[in-house]
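1. Model the structure of this input:
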Amino acid sequence: NLYLKIDKDRVECLNEAVEGSGKQVFKPWNERLDKSTFVESDADEELLFNIPFTGLVKLKGVIIIGGEDESHPDRMKLFKNRDAMTFDDVHGEADQEFDLQPDPAGVVEYNTKVVRFSSVHNLSIYFPGNFGADSTRVYYIGLRGEYSEMQRQEVMICTYELRPNPADHKTDVFDPSQHSVY
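-> Below is the predicted model of the structure:
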């Protein structure tokens, strides 16, 4: 479970009815059946999650527990490494799409194409609709995979001189006023 590797402070959910409720569906496996925390769509049935990780992830599977009856999402689109996606961006080609089945116990895992989802630092999950309700409800999103620390590369700003200026380099090695030629 990649629950502890999600940067929960930076998780973003678009079209949520209650501000900040999208972060609450990422919870430990043993709390997946807790129906007290959920996210529900606001204006229509669409939901979009932008999920940053604290390192690099090889995503192997996704588990979704949705709402009862018709409020469960019916499709899911996954996009990798596209920071700050909006609803304008979701109409492009997804990295992988799934037709979802209602799963109140969270036992159905949707396996990803591991080769395509290696080195993921940001995952976007888009739910375009549901099984017929006015709003979409999600209780749990579980992500399974392998985690590795992100190798940070520091930026170094350097200035190179094409022609050195002797006035910039004070030294006692050669001082023409101290030397005389015979």
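2. Please tell me how far residue 28 sits from residue 49.
-> Using C-beta to C-beta, to the nearest Å, one obtains 18 Å as the distance from residue 28 to residue 49. C-beta: built from backbone N, CA, C; applies to glycine.
3. no no, residue 101
-> 19 Å.
4. So those two - more neighbours on which side?
-> Looking at residue 101 and residue 49 with other C-beta atoms under 10 Å, you find the greater number of neighbours at residue 49, namely 22 against 11.
5. Next, the contact list for the more buried one, please.
-> Contact criterion C-beta atoms under 8 Å, 6 or more residues apart in numbering gives 11, 12, 13, 14, 22, 123, 124, 125, 126, 141 as the residues in contact with residue 49.
6. helix/strand/coil for the third one?
-> Classification of residue 13 using DSSP: H, G, I helix; E, B strand; the rest coil returns strand.
7. Skipping adjacent residues, who's closest to it in space?
-> For residue 13, the nearest residue in space outside its immediate sequence neighbours is residue 22; the separation is 2.3 Å by C-beta to C-beta, 6 or more residues apart in numbering.
8. That neighbour should be in a strand, yeah?
-> No. Residue 22 sits outside any strand when classified using three-state DSSP, being helix.
9. Dump stretch 20-29 to PDB, restricted to CA.
-> Only the C-alpha atoms of stretch 20-29 are listed here, as PDB (Å, rounded to 0.1, in the frame of the first residue of the first chain):
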ATOM      1  CA  GLY A  20     -10.700  19.000   1.500                       C
ATOM      2  CA  SER A  21     -12.800  15.900   1.500                       C
ATOM      3  CA  GLY A  22     -10.800  14.400  -1.400                       C
ATOM      4  CA  LYS A  23      -7.800  13.900   0.800                       C
ATOM      5  CA  GLN A  24      -9.800  11.800   3.200                       C
ATOM      6  CA  VAL A  25     -10.400   8.900   0.800                       C
ATOM      7  CA  PHE A  26      -6.600   8.000   0.900                       C
ATOM      8  CA  LYS A  27      -6.500   5.900   4.100                       C
ATOM      9  CA  PRO A  28      -4.800   2.700   5.400                       C
ATOM     10  CA  TRP A  29      -6.000  -0.600   4.100                       C
END
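10. How about the backbone phi and psi for residue 110?
-> In this entry, residue 110 is assigned phi and psi values of phi -100, psi 110 (degrees, to the nearest 10).
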